[in-house]
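Trainee: Show me the folded form of this:
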Amino acid sequence: MKAEKFFSVQEKAEIAESVRQVELQTSGEVVVMLVDESDTYPEGRILAGGALGGVLALVVCEAFLAASLWWFVPLALGLIALCGWLIVYIPSGLRLFVHPAKLEQRVVEQALLAFYRHGLHHTRDATGVLFFISLFERKVRVMADKGIYEKITQETLQEYADNIALGVRNGKAAAAICHELARAGQILAEHFPIKPDDTNELSNEVIVGR
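Mentor: Model prediction:
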């Protein structure tokens, strides 16, 4: 499912309210962002096309074309192109042809870009926190500004993100996000309590797309 339709109107409202509740306790500015994917993974498409198309061409030639090399070459080229195109519409299939480390790397890179693109580095106390959810990879990454990292490690924040990723994979994304936002809010409130002159510097609404 595409990011635009992943959450219902009610679920978006619940997530926005969870963000608001967190920010009633802390000077941290929390943003939740959802994207379709962090990369198009062309190398995965090429590998999938080559593997699947080549095997299909071999089977067809063996079964129906007397193992003719003259038939195999053009048939293989056509099926490789076709499979490489079709695999895009089968996310679970394409993921099999992309190394897990590559998936992780691209999510981290896109989360960092989104952090700066949406101005989380411009908060007054350098306390912006981004929960970045990439649907194709079924991964979540937390990016925080330097003020947060002075007190809370990346590993601590990522624990909440990993639980959200599990919720995405299990079809309970919105509930997982709300639950983990509340847990993260507790540790943020402990280290970064709200100030008397605190203002809401960033929107509480879920950001969809890059």
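Trainee: The longest helix belonging to the chain packs against which elements?
Mentor: Of all segments of type helix in the chain, defined using DSSP state H, the longest is helix 42-64. Contacts defined by 3 or more CB pairs under 8 Å, 6 or more residues apart in numbering; DSSP states H and E place helix 42-64 against helix 69-86, helix 91-95. (C-beta placed from N, C-alpha, C; glycine too.)
Trainee: For it, list every residue counted as buried.
Mentor: 44-45, 47-54, 56-57, 61 (16 or more other CB atoms under 10 Å).
Trainee: and which of those residues is nearest to residue 104?
Mentor: Nearest to residue 104 among those, counting by CB to CB, is residue 44 at 14.1 Å.
Trainee: Confirm for me that that closest one is in contact with residue 98.
Mentor: Yes: contact criterion CB atoms under 8 Å: residue 44 and residue 98 qualify, at 4.0 Å.
Trainee: so residue 33 bridges to which residues?
Mentor: When assigned by DSSP bridges, residue 33 has beta-bridge partners residue 132, residue 207.
Trainee: Could you tell me the per-residue confidence at the residue nearest the centre of the chain?
Mentor: Per CA atoms, centre = their mean, the C-alpha nearest to the average position across the chain is that of residue 134, at 1.3 Å. The per-residue pLDDT reported for residue 134 equals 96.
Trainee: any idea whether residue 40 is helix, strand or coil?
Mentor: coil (DSSP: H, G, I helix; E, B strand; the rest coil).
Trainee: quick one on the thing from earlier: ok, now which ones touch the residue nearest to the centre of the chain?
Mentor: 35-38, 106-107, 110-111, 140-141 (CB atoms under 8 Å, 6 or more residues apart in numbering).
Trainee: Toward the C-terminus from the helix or strand harbouring residue 140, list the very next helix or strand.
Mentor: If you go by DSSP states H and E, residue 140 is part of strand 139-144. Toward the C-terminus, strand 139-144 is succeeded by helix 146-149 as the next helix or strand (DSSP H and E).
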